[in-house]
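>>> My questions are about this predicted structure, shown below with the sequence.
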Amino acid sequence: MELKKNGATGIKNNLLIYFLFMVVAAIGIFYGNAIKSSHSFLRVWDHWNLLIMLLGIPFLFLQSKVNLPNFWELSVSIKNRLFLPAIIGAIFGILDILVIKVMLHPEPYTELPPFLQPFPYSIFLYFSGAFEIEVFYRLIPLTLILLLGKWYAKGKYFNAFFWVAVILTSLREPLEQLPNEGTLLIIYSLFTGFLMNLLQAIYFKKSGFLAALSLRLGHYLFWHILLGIYVEYIELV
């Protein structure tokens, strides 16, 4: 009875946290549309993006069924759920700044490049973007593959299914965002992109969805938000 109660509480927390993230994304849509006329390059979600995020809701009920922690699993410490993954993500973000901005593009920008947005709107856009990526790169595919792993041969090859899921989901983003030129940049992007996604998948299995999201947000904090503030308020002044 206690186990069933804890499971229901875990699902309830999953839904509550997911709903709060949807609210943040909705605020970002209204905010972006309110300032869009002042920024020709502004990237704004529309309501279709928000509706697509509803596809992740069924998977909130399946986390414990496929041996994944619920979003606010009591057995997972705050350090492992939020702090450590965020620090790891920040390291990747700082490394990207050093390699791509400092080494490859040391000259000041004359306008915000496509991967940066005006502050503080950037907080909402990149939080929503990180949320979307983690739903469609981690929550849905990993849960589906692990569900199949639990079913096939009564879970005998569950670990093999997990590692197949980890490798496939870790390759997706770096392959999709591979640079068009520059051999060293291509190698760097492929390696760091794969490694970051790999760590996210491992943290997702170990500490849940919020850990994977925290790692990405740590990266975005430096690569998209803080770098954007520097370019907007230092280089473009």
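Yep, that arrived. Residues are numbered from 1 along each chain as shown.

>>> Tell me which stretches of this structure form helices.
2-35, 47-52, 78, 84-96, 121-134, 140-151, 158-176, 183-207, 209-220, 227-230 (DSSP state H).

>>> and of those helices, who's closest to Leu104?
Closest approach to Leu104 among these (C-beta to C-beta): helix 183-207, 6.9 Å. Every C-beta, even on glycine, is put in place using the N, C-alpha and C of the backbone.

>>> Now for the most centrally placed residue in the chain: which residues touch it?
Geometric centre of the chain, nearest residue: Ala130, 3.6 Å, by C-alpha atoms, centre = their mean. Taking C-beta atoms under 8 Å, 6 or more residues apart in numbering, we find Ala130 in contact with 213, 216-217, 220.

>>> ok, now Leu168?
141, 145.

>>> switch to numbering from 40
Sounds good: first residue 40 from here, last item Leu207.

>>> What's the separation between it and Pro152?
Counting by C-beta to C-beta, to the nearest Å, the separation of Leu207 from Pro152 is 30 Å.

>>> Over to Leu123?
30 Å.

>>> These two: which has the busier surroundings?
Set side by side, Leu123 and Pro152 show more neighbours around Leu123, with 18 against 14, by other C-beta atoms under 10 Å.

>>> And the pLDDT for the more buried one?
Here the pLDDT value assigned to Leu123 is 97.

>>> related to what we said a few turns ago, how about the residue nearest to the centre of the chain, nearest residue that isn't a chain neighbour?
Distances taken as C-beta to C-beta, 6 or more residues apart in numbering place Arg255 nearest to Ala169, at 4.5 Å, with adjacent residues excluded.

>>> The one you found and Glu173 touch, don't they?
Yes - using C-beta atoms under 8 Å, Arg255 and Glu173 qualify as a contacting pair, with a distance of 6.2 Å.

>>> Report the set of residues contacting both of these two.
When C-beta under 8 Å, 6+ apart defines a contact, the residues bordering Arg255 and Glu173 alike are Gln239.

>>> These two: who's more crowded?
A count of neighbours by other C-beta under 10 Å puts Arg255 above the other of Arg255 and Glu173, at 27 against 24.
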